[in-house]
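I would like to see how this sequence folds:
(one chain, ligands or ions: 1)
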Amino acid sequence: MNNRSYVINHWSFKACDETEWKPARVPGTVHTDLFRNGLIPNPFDGTNEHDLQWIDRKDWEYETSFELDEAWFALPRLELVFDGLDTYADVTVNGVHVLSADNMFRVWRIDVKPLLQQGTNKMVVRFRSPIAEDLPKLEGLGYDLPAPNDQSELGGLGDRRVSVFARKAPYHYGWDWGPRFVTSGIWREVRLEGWCGPVIRDLSIRQDRVNASVAELTAVAEVETAERWEGQLRVTNGEQTWERSVVLEPGTQAVEVPAVISEPKLWWCRGLGEPAMYNFRAELVANGGQAPLAEASVRTGLRDIKLVRETDAAGASFRFELNGVPVFAKGANHIPNDSFLTEVTDERYRHEIASAAESGMNMLRVWGGGIYEQDVFYELCDEYGILVWQDFMFACSMYPGDPKFLDSVTHEAEDNIKRLRNHPCIALWCGNNEIDSAWAHYLEDKGWGWKQSYTTEQREKLWADYEAVFHEILPKAVERLANGVAYWPSSPLRRLTGDEFQHANELSGEGDIHYWGVWHAVEPFDNYNLRVGRFMSEYGFQSFPELKSVLTYAPESELALESDIMLAHQKNGRGNQLIKEYMDLYLPTPKDFKSFLYMSQVLQAEAIRTAIEAHRRNKPYCMGTLYWQMNDCWPVASWAGMDYYGRWKALQYTVRRSFREVMLAISEPESGPISVSVVSDLQHPVEAQLRLSLYDFQGTLLKEQTLEVRAAADSVVEAVVFARAEWLEGRDPRQVVLHAILEIEGQAVDSKPYYFASAKELSLPTANITVQEEAGSGGSRYTLVSDALARQVWISAEEEGIFSDNYFDLIPGIPVTVEFRRRGGESSVEPFVAGNPGKLTVRSMIDFV
Ligand code: BMA
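Numbering: from 1, shown residues only. Prediction:
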């Protein structure tokens, strides 16, 4: 093989109307290059975002030179490959225009051999302002397209929202948790590839039938050749080899090789088994030859994944089945990890996915307002056994439907499905985020009020454009290319009926649900118990990041709920006030703003715990719970459980407990008695002991009961039901706690406190907590004991890392041991390593009121 590949780097950049070139980083963005050159301040600091909006109004250029020796020119084909250009880019090679790119999600490949020369070659990539580019499209359309998250005012555009015209990450234009930084840049690798003879452009392992006894596969190689070629295509997984003769005609063709593996090691998600992976290699070998002329490799897992929607008495199921086993999906919605995508290192991805795994998740939803993630994201999900619900990148907006736009979307879908289809983690392709329900075409009084500002004719046009993308182009692309993974047109959706039964409806008993009554509609937390759908793909509650994170963007003097900086780092208009309103309702009043930060996290955790327990208790009616949202793209008050720096909020620890395989859920419906349920996701039955103990806040044991509980495989069982009075027996409900522990074979698998009064009403005592380092643990394990009830004990470490548990309640006299694991960092292959936390600070709720 004489094929060669060369990564092109050493770039410089400048604004097109300036003269001085500065060093640039590729992959990168204009914003990060300006920052690294000291030309702009840190975009995330203070209110800097507001002053940096000029950047997207300019045109920018990147240039580089590269040397080519003679050997390159012996190859018949020399191609330039751009894995990603953000977004409107004109490329010239030695002064000749070779490409005009217009979709950041596409891969571009151009034959440039006639333009290259031995010695020095010059390449220029010129980015046209995405704003200047798209404003005329808006004017040409004659009406606006709804895009409520597009922060056009902040960008100086008034109400002219142009985000929908660009095939570019929607969140770049701002979101209700994200700043408006409309980037430009070469955001993925650029290579020169030279080849001769046939090449394998793509290799896909189609899984025609997979079960425990056999995997019937078809290796599909997309082969390109300049000349007619005859030989063998050989496919191997290291243990077995499959081969066939091929005759290739000039051009591109798909060559299929059937491959059967008996008793395959299946890929399982977390909780169900090991995520076994296989490496496959395809080689083209000349007749009679041995050395491959071309080769391609993929790593994949063998599994059968289905979205099962069967009609039942309540409506229809919405559940994933992996290798025939129903999966209760536990997870969160993922957004891009940074406003500047190229800042996200592999370590940051690993930290996120390892955190998801540590939190007991088995699914993440790659939400449609961001990007089709980088390969490493899916590689990690494969490795950690985390299923991915993959949206196409369309969210909360209506889009144009001109032929050029539709053509661009078609190519984007093909490029991304092909890139991602070998990842066993991909469980679903979903057309868009919330557009079906926001537009609500078939119900005049439903939706977000968008339709009402259009004429009947415009409405029909907008809906026809919608249908072209989400009911034609995308499902066809998935059907053709995604190797059997299901397509779901929009999240949420009830069913694709083409009439008023189509749009998501919490009470319909089918489809997936985004429940935002709590938060956006200011409904009480208790409504999480009442609004349970078949699959909860979104619901959420905001909090602030911890003080250490806040201080990275705001000085002490700005630490106030309504300061300019606090409002700049809260993108949901009513957000800060909503946190306060709910806090007034449920929690004691924090003594100052720093305490408010802590209390906001406790509040958020309590909201989402209520929701997750309600969803899990309702298994198998409900078969999934993905809260909004996993992560942040900058330091901000948001719905995330983990802040921009990867620091776990109270929520992340609560999720970790609420996603345990066997979980206790204690609920008190308004009308009825208190009920203690055991939710088991285990695939085998368990016998457990449930111990209920009533304590006063000084630790006196007042009453106790032990029960045997038998939970069948993958089940929910109500262990006990009782009236408040049975346990209170006249005692002051503000001064006692019921502690429930569930044990299996003597091991505590879950425990939960239950209070008979709201957190706001409890008579919290002063608590002294002692912390004792465990001998021989190398400073990584600590035992905490309190002399009085301590609620929401927050252990904070000097070092970055996570504790095995945090933000828990300490019953006086009952010790709790936690382990600290440091964040591995760039130099470690392990995401977390047991170690010393440095200085520890331990506080509980009483310290903040
Ligand atoms: C959901 C998401 C996002 C948004 C979030 C919070 O519906 O799809 O659009 O950030 O709500 O409002």
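
List, one by one, the residues from the stretch 251-400 of the chain near the ligand.
Residues of the stretch 251-400 of the chain lying near the ligand by C-beta under 6 Å from any ligand atom: Ala395, Cys396. From N, CA and C alone the C-beta is placed, and that goes for glycine too.

Quick check, the residue in the stretch 251-400 of the chain closest to the ligand?
Cys396 (5.1 Å; C-beta to the nearest ligand atom).

With the stretch 551-700 of the chain instead?
For the stretch 551-700 of the chain, C-beta to the nearest ligand atom, closest residue to the ligand: Trp628, 5.3 Å.

about what we covered before: can you give me the neighbour number for the residue of the stretch 251-400 of the chain closest to the ligand?
21 (other C-beta atoms under 10 Å).

With Trp648 instead?
23.

List the contacts of it.
Shown in contact with Trp648 (C-beta atoms under 8 Å, 6 or more residues apart in numbering): Ser355, Gly641, Met642, Ile802, Asn806.

any idea which of these has the most stuff around it?
Top of the contacts of Trp648 by neighbour number is Gly641, holding 30 neighbours under the definition other C-beta under 10 Å.

So which residues on the chain come close to the ligand?
Residues of the chain lying near the ligand by C-beta under 6 Å from any ligand atom: Trp175, Asp176, Trp177, Ala395, Cys396, Asn433, Glu434, His514, Glu538, Trp628.

By neighbours, which of those residues wins?
Neighbour max across these (other C-beta under 10 Å) = Asn433, 28 neighbours.

Quick check: Ile741 vs Phe808, distance?
Ile741 sits 13 Å away from Phe808, going by C-beta to C-beta, to the nearest Å.

In terms of neighbours, single out the busier of those two.
Remark: of Ile741 and Phe808, Phe808 carries more neighbours, 24 against 18, as counted by other C-beta under 10 Å.

Tell me what that one is bridged to.
Val793 (DSSP bridges).

where does it land on pLDDT?
As predicted, Phe808 sits at a pLDDT of 98.

How about the contacts made by it?
Counting by C-beta under 8 Å, 6+ apart, Phe808 has contacts Tyr653, Arg657, Gln792, Val793, Val816.

Secondary structure class of the first one, three-state.
Using DSSP: H, G, I helix; E, B strand; the rest coil, the three-state assignment for Tyr653 comes out as helix.

Make 53 the first number, not 1, from now on.
With 53 as the first residue, the last one maps to Tyr705.

Give me the spatial nearest neighbour of it, chain neighbours excluded.
The shortest distance from Tyr705 to any non-neighbouring residue, by C-beta to C-beta, 6 or more residues apart in numbering, is to Asn858 (4.5 Å).

Can you give me the domain assignment for this protein?
What automatic domain parsing lists as the domains of the chain is 56-244, 248-352, 380-709, 712-815, 816-901.

which regions of the chain lie under the pLDDT threshold?
Across the chain, the ranges flagged by pLDDT under 70 are 53.

can you rerun that using 80?
53-54, 721-724 (pLDDT under 80).

mind listing what the spatially most central residue of it touches?
Among the residues of the chain, the one closest to the centroid is His386, at 1.6 Å (C-alpha atoms, centre = their mean). Contact analysis of His386 by C-beta under 8 Å, 6+ apart lists Glu404, Leu416, Arg417, Val418, Trp419, Gly422, Glu425, Gln681, Met682, Asn683.
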